[in-house]
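> next one to model:
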Amino acid sequence: MRTDLLFLEGKTALFKVALCLLSCHKQKILEQDGFETIVYYLKSELPRIDDDAIDEVLCKVCARNKIKILPRVPGIPLTAPV
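Numbers count the residues shown, from 1 in each chain. So this is what the prediction gives:
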């Protein structure tokens, strides 16, 4: 699932994940004293989150996307004619 989102949306997915990570860690970021400590937190603490937290972030991103897959229309091929 982790790479599917990247292949589906590309750079937009990276931006959405970054915003979701910032949102999830908002309180800890706001508790920092200044810019340097915020950067230190983002560089040192944020990468240490476990797999469960990563999956939670990705689930939040996917839930916000509300991606709908349209049904296949009969008579229209899935690939373009060559």
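> centroid residue for the chain?
Of all residues in the chain, the one closest to the mean position by Cα atoms, centre = their mean is V17, 2.5 Å from it.
> does that residue touch L58 like I think?
Yes - taking contacts as Cβ atoms under 8 Å, V17 lies within contact range of L58: 7.1 Å. All C-beta atoms are positioned from the backbone trio N, CA, C, and that covers glycine.
> avg pLDDT for the strand or helix carrying V39?
Element membership for V39, per DSSP states H and E: helix 35-40. For helix 35-40, mean pLDDT is 94.
> isn't V57 right up against V17?
Yes - the pair V57 / V17 is scored as a contact, 6.4 Å apart, by Cβ under 8 Å.
> show the subsequent helix or strand relative to the helix or strand of the chain with the lowest mean pLDDT.
Sorting the helices and strands of the chain by mean pLDDT, DSSP states H and E puts helix 2-9 at the bottom, at a mean of 68. Counting by DSSP H and E, the next helix or strand C-terminal to helix 2-9 is helix 11-24.
> distance from the chain centre to that next one, please.
Centroid displacement of helix 11-24 relative to its chain, using Cα atoms, centre = their mean, to the nearest Å, is 5 Å.
> okay, buried residues for the helix or strand just after that helix please.
For helix 11-24, the following helix or strand on the C-terminal side (DSSP H and E) is helix 26-30. By 16 or more other Cβ atoms under 10 Å, the buried positions in helix 26-30 come out as I29.
> who touches helix 26-30?
Here helix 26-30 makes contact (Cβ atoms under 8 Å, 6 or more residues apart in numbering) with L22, I38, Y41, L42, E45.
> now restrict those residues to buried residues only.
Buried residues within these, counting neighbours by 16+ other Cβ under 10 Å: L42.
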